[in-house]
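Participant: What would the 3D arrangement of this be:
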Amino acid sequence: MTQTRAATLLTVLAALLSVLLTPTPAAAASLQEVTGFGSNPGALRMYRYVPDGLPAGRPVVVALHGCTQNAAGYAAGTGWTTLADRWGFSVVLPQQQSGNNPSQCFNWFQSADIERGRGEAASVAQMVDRQLADVSGDASRVYVTGLSAGGGMTAVMMATYPEKFAAGGVVAGLPYGCAQAAGSPYVCMYVGATQTPRQWGDRVRAARPGYTGPWPVLTVLHGTADYTVKPVNMTDLVEQWTDVHGADTAADVTDTVAGHPHQVYRGPGGGAVVETYSLNGMGHGQPVDPGSGPAQCGTAGAYYLDVDLCAAYRLGTAWRLG
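Facilitator: This is a model prediction of the structure:
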């Protein structure tokens, strides 16, 4: 054998040995369905995303899809699973069933589904308990967010189970008890309900009688050109949750973020209790900002609208998930 051939053979053998000795990377985490998470009175399905190697004591985010959507699509389109891998937290993704609602909307407007201990609200609460137990999550760092009907259900969870959630993010959604106040979900969506801040706050307080706090902090993101759920609902959410927190309806901070108006309302203790993003010219959907930059996330598509601001990133930053 010539020296050249011997050298070539040694090079090949070294390369093969390197491949054999290199550990095979673990398969990427994927969305998984969980069954038997409780009595499930709302007949929902539970999905979750847990990054590989997630340590104990990490936060949990509950993400509720909009009408005509599902858990898998919402997980990917919003960017929540990307951020879960980047920052290290798990995501619970409830999924509606067509038997409950033909358009697969969460029933934010039905009394049987928005009361503590009943229907869909109770099912989501049971999912939280199951997730915390399974991943040894931090019960003091559980957050809830959702789009449209999922945003309406986010307000439901904050009102009916305030002790379970540190904060919530309502995207193009509605205040708690809006359909009952307006007399119709459609009036609520297209016109809004006529309530004073105190009346709005009383609806939340009545959902959890005797509870004195702490109440979840609220962030709202809503498009100025949303004709499906009118922006007046963001105003009503501000009135509802500033009242619950004992704050006034005058913003303490007014600025812009990525070119969009942004406001912060502080409570009596000086901390932010309500935050809003008014998305210029955006219609009905979840704001995303596709790309690989540190503040970018989400994938543009139907109801995932590229407005150079990613809602999941802004919420995750406010909640200090990173």
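
Participant: C-alpha from now on. contacts and neighbour counts both.
Facilitator: Noted.

Participant: so where is the chain shaky, pLDDT-wise?
Facilitator: Along the chain, the model assigns pLDDT under 70 to residues 1-28.

Participant: show me what contacts residue 254?
Facilitator: With contact set as CA atoms under 8 Å, 6 or more residues apart in numbering, residue 254 has these partners: 261, 262, 263, 264.

Participant: does the third one count as helix, strand or coil?
Facilitator: It refers to residue 263. Here residue 263 is recorded as strand under DSSP: H, G, I helix; E, B strand; the rest coil.

Participant: Distance-wise, check the nearest residue to it once chain neighbours are set aside relative to residue 278.
Facilitator: Counting by CA to CA, 6 or more residues apart in numbering, residue 263 lies nearest to residue 254, which is 4.6 Å off, once chain neighbours are set aside. Relative to residue 278, residue 254 is positioned 11 Å away (CA to CA, to the nearest Å).

Participant: between those two, what contacts are shared?
Facilitator: Joint contacts of residue 254 and residue 278 (CA under 8 Å, 6+ apart) are 261, 262.

Participant: quick one: residue 50 and residue 87 touch, right?
Facilitator: No. The criterion here is CA atoms under 8 Å, and residue 50 misses it with residue 87 at 11.7 Å.

Participant: Drop the exposed ones from the contacts of residue 254 and show what's left.
Facilitator: Using 16 or more other CA atoms under 10 Å as the burial test, the contacts of residue 254 include 262, 263, 264 as buried.

Participant: For residue 146, pull up the helix or strand it's in.
Facilitator: In the assignment (DSSP states H and E), residue 146 maps to strand 142-147.

Participant: What are the boundaries of the helices in the stretch 201-322 of the chain?
Facilitator: For the stretch 201-322 of the chain, applying DSSP state H, counting those that start in this stretch gives helices covering 232-244, 311-318.

Participant: Tell me the helices and strands packed up against the last one.
Facilitator: What that stands for is helix 311-318. helix 80-87, strand 286-288 (3 or more CA pairs under 8 Å, 6 or more residues apart in numbering; DSSP states H and E).

Participant: Recalculate using a threshold of 6 Å.
Facilitator: Contacts defined by 3 or more CA pairs under 6 Å, 6 or more residues apart in numbering; DSSP states H and E place helix 311-318 against no helix or strand at all.

Participant: CA atoms only for that helix - export them in CSV, please.
Facilitator: Coordinates of each C-alpha in helix 311-318 appear next as CSV, following Å, rounded to 0.1, in the frame of the first residue of the first chain:
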residue,chain,number,x,y,z
ALA,A,311,-47.3,39.6,20.8
ALA,A,312,-45.7,36.4,22.3
TYR,A,313,-42.4,38.1,22.7
ARG,A,314,-43.9,41.3,24.2
LEU,A,315,-45.9,39.2,26.7
GLY,A,316,-43.0,36.9,27.5
THR,A,317,-40.8,39.9,28.2
ALA,A,318,-43.4,41.5,30.4
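
Participant: Alright, I will stop here.
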